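[1] Requesting a structural model of the entry that follows:
(one chain, ligands or ions: 1)
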Amino acid sequence: MDGDFRTEFVREPAALKHHPALVLNADYRPLSYYPLSLWPWQDAVKAVYLDRVDIVAEYDDIVRSPSTEIRIPSVIVLKDYVKPQRRVAFTRFNLFLRDEFRCQYCGSKGDLTFDHVVPRARGGITSWENVVAACSPCNLRKGSKSLRRSGLSLRRQPRAPQAEQLRNLGRKFPPNHLHESWLDFLYWDAELEA
Ligand SMILES: [Zn+2]
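    Sure thing, here's the model as predicted:
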């Protein structure tokens, strides 16, 4: 069960444009922040009928079948708690998130790319410890030079992030589209921690 919950919400991104449901874990926190756990409304409605979730909030819109009608859920909560994933996937997005969308050399926020700290030409590998977010000018300046030779310095030593650390950072960088009924579940705990 664990597995299909994680893959279902990324299966059909196009279907998420209309009436997606925010999926909360049984503790009322989003099942995941990145990607934000959203299901197409069809899956949300199905889960309601299968009794796997409770409805927390609804859209105004209704879907009808020959025998019944239901308001489309906008927030649903799993009845069974799913243990959050420990391992953090090494993806471009997660790496940007770890580096808080800032160049790790100069701190700028614009025009971000990736840089191998130990250049690939010198045997540097593509890993959490050797890749950082970098702006194009810094990337160009560094080229295939070593860090020392380039005259640049790292704002902090790159490491593999903990899942919890990335979740906390995720709250600072919300996705573009948020339905108003989701807001309570996305941010109240972040406010309390601030
Ligand atoms: Zn830079």
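[2] Residue 153 against residue 138, yeah?
    No. The criterion here is CB atoms under 8 Å, and residue 153 misses it with residue 138 at 10.7 Å. C-beta coordinates here come from the backbone N, C-alpha and C atoms, glycine included.
[3] Tell me where the protein has helices.
    Counting by DSSP state H, the segments of the chain that form helices are 2-11, 41-49, 92-98, 136-142, 147-150, 163-170, 183-193.
[4] Tell me which other helices or strands the second one touches.
    Taking 3 or more CB pairs under 8 Å, 6 or more residues apart in numbering; DSSP states H and E as contact, the helices and strands that helix 41-49 lies on are strand 21-24, strand 53-64, strand 69-78.
[5] Please tell me how far it is from the chain's geometric centre.
    Mean-position distance between helix 41-49 and its chain equals 22 Å (CA atoms, centre = their mean, to the nearest Å).
[6] near the ion, which residues of this structure?
    For the chain, the contact set with the ion under CB under 5 Å from the ion comprises 103, 105-106, 108, 135, 138.
[7] Recalculate using a threshold of 8 Å.
    Taking CB under 8 Å from the ion, the part of the chain that reaches the ion is made up of 103-108, 134-139.
[8] Considering the residues you listed, which possesses the most neighbours?
    Neighbour tally across the residues of the chain next to the ion (other CB atoms under 10 Å): the maximum, 27 neighbours, falls on residue 134.
[9] How much space separates it from residue 102?
    Applying CB to CB, to the nearest Å, the value for residue 134 to residue 102 is 10 Å.
[10] shared neighbours of the two, which are they?
    Common contact partners of residue 134 and residue 102 (CB atoms under 8 Å, 6 or more residues apart in numbering): residue 112.
[11] Show the low-confidence segments of this protein, by residue range.
    Of all residues in the chain, those with pLDDT under 70 make up the ranges 1-17, 34, 174-177, 187-194.
[12] Let's see that with 50 instead.
    Low-confidence regions of the chain, defined by pLDDT under 50, span residues 1-12, 188-194.
[13] what residues go with each domain of it?
    Described in terms of automatic domain parsing, the domain architecture of the chain consists of the residue ranges 2-86, 92-150.
[14] Can you give me the end-to-end span of the last one?
    This means domain 92-150. Length of domain 92-150, first residue to last, CA to CA, to the nearest Å: 24 Å.
[15] Also stretch 126-146?
    From the first residue to the last, stretch 126-146 extends over 15 Å; the measure is CA to CA.
[16] Could you check it and say which residues are buried?
    131-135, 138-139, 141-142 (16 or more other CB atoms under 10 Å).
[17] can you name the two of those residues that are farthest apart?
    Taking CB to CB as the measure, those reach their widest spread between 131 and 141, a distance of 17.0 Å.
[18] Can you get me a residue count around residue 23?
    When neighbours are counted by other CB under 10 Å, residue 23 registers 26.
[19] Leaving out the residues flanking it, which one is nearest to it?
    With CB to CB, 6 or more residues apart in numbering as the criterion, residue 23 has its nearest non-adjacent residue at 4.2 Å, and that residue is residue 37.
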